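>>> predicted model follows, preceded by the sequence.
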Amino acid sequence: MLLVDIEKQLGDFRLETSFTSDGLVTGLFGNSGAGKTSIINMIAGLIAPDRGRISLDGEVLDDTARKLHTPPHRRRIGYVFQDARLFPHLDVMQNLDYGRRMNGLDRDAAAEKHTVDLLDIGHLLTRRPAQLSGGERQRVALGRALLAKPRLLLLDEPLGSLDEERKAEILPYFVRLRDEASVPMVFVSHDAGEMRRLATNVVMLKRGKVVASGGVEVLPATA
């Protein structure tokens, strides 16, 4: 279970957010500027809350009352950004292996094959990022995060930089990941259609506050 109960002042913007989730895919939904990325940056440990608590599966990651802040590299949380952020000088296989090496994990050939097959990237392994489409780059970034064996995966608008054709190409892979990989995810988007396809529960945000939470039925019908 993920528990988030935090406050953070970011310039003129104040984030005051509290929610819990034991769903497989928690959707953070809201317009730009609602605070979605700031929340997952705090879950990742990239920034610390001014006040509050974050815990994952019973382990407290942040607790301002106890002055506890677990650094990002000790959280075992994967992060996939809107832009894939692959290393241009490495081929796809080397990019995939980066997370494992940085976390000091032994090579797991079975997990590697499963991830490559799940994301259908076996034919791309010797290519460089510049030779990939936007959708292919995102699939490789997702594979890199998975091979670091995270206990939670954060997805910050991973379809946001793609055109409609590329979104239609990659969204089924995220659905497959949800159904087959069993890695809990927090999925950030302002697109209700994406949320309905992928999220198992939704937290709606407006100006830094939770305004609704529950199943996908809380999403606006006309969005």
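Perfect, thanks for sending it.

>>> which ones are touching the residue nearest to the spatial centre of the chain?
The C-alpha lying nearest the average C-alpha coordinate of the chain belongs to Leu154 (Cα atoms, centre = their mean; 1.7 Å). Residues near Leu154 by Cβ atoms under 8 Å, 6 or more residues apart in numbering: Ile40, Ile43, Ala44, Ile77, Gly78, Tyr79, Val80, Met185, Val186, Val188. Any C-beta I mention is one placed from the backbone N, CA and C, and that applies to glycine too.

>>> in helices only, show me the residues you listed.
Of these, the ones assigned to helices by DSSP state H are Ile40, Ile43, Ala44.

>>> could you report the pLDDT at the last one?
Same thing as Ala44. pLDDT recorded at Ala44 is 97.

>>> just checking, it touches Tyr79?
Yes - applying Cβ atoms under 8 Å, one finds Ala44 in contact with Tyr79, separated by 5.4 Å.

>>> higher neighbour count, the two?
Ranked by neighbour count (other Cβ atoms under 10 Å), Ala44 and Tyr79 place Tyr79 first, with 23 against 19.

>>> please name the bridge partners of that one.
Leu154 (DSSP bridges).

>>> from what I see, it and Leu142 are in contact.
No - using Cβ under 8 Å, Tyr79 makes no contact with Leu142, being 10.8 Å away.

>>> pull out the buried positions in the worst-scoring helix or strand of the chain on mean pLDDT.
One helix or strand of the chain scores below all others by mean pLDDT, DSSP states H and E: helix 164-180, with a mean of 86. Buried residues in helix 164-180, defined by neighbour count with 16 or more other Cβ atoms under 10 Å: Arg166, Lys167, Glu169, Ile170, Leu171, Tyr173, Phe174, Leu177, Arg178.

>>> Phe87: which of these is nearest?
Each of these was checked against Phe87 using Cβ to Cβ; the closest is Ile170, at 20.2 Å.

>>> now name the helix or strand holding the closest residue to the closest one other than its chain neighbours.
In this structure, Ile170 finds its nearest non-sequential neighbour in Gly135, 4.3 Å apart by Cβ to Cβ, 6 or more residues apart in numbering. When elements are assigned from DSSP states H and E, Gly135 belongs to helix 134-147.

>>> that helix - contacts with which helices or strands?
Here helix 134-147 touches strand 77-80, helix 92-102, helix 109-119, helix 164-180, going by 3 or more Cβ pairs under 8 Å, 6 or more residues apart in numbering; DSSP states H and E.

>>> take the ones you listed and write them to CSV, including distance to Asp50.
Below are the helices and strands packed on helix 134-147 laid out as CSV (distance: least, Cβ to Cβ, whole Å):
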stretch, distance to Asp50
strand 77-80, 21
helix 92-102, 29
helix 109-119, 37
helix 164-180, 32
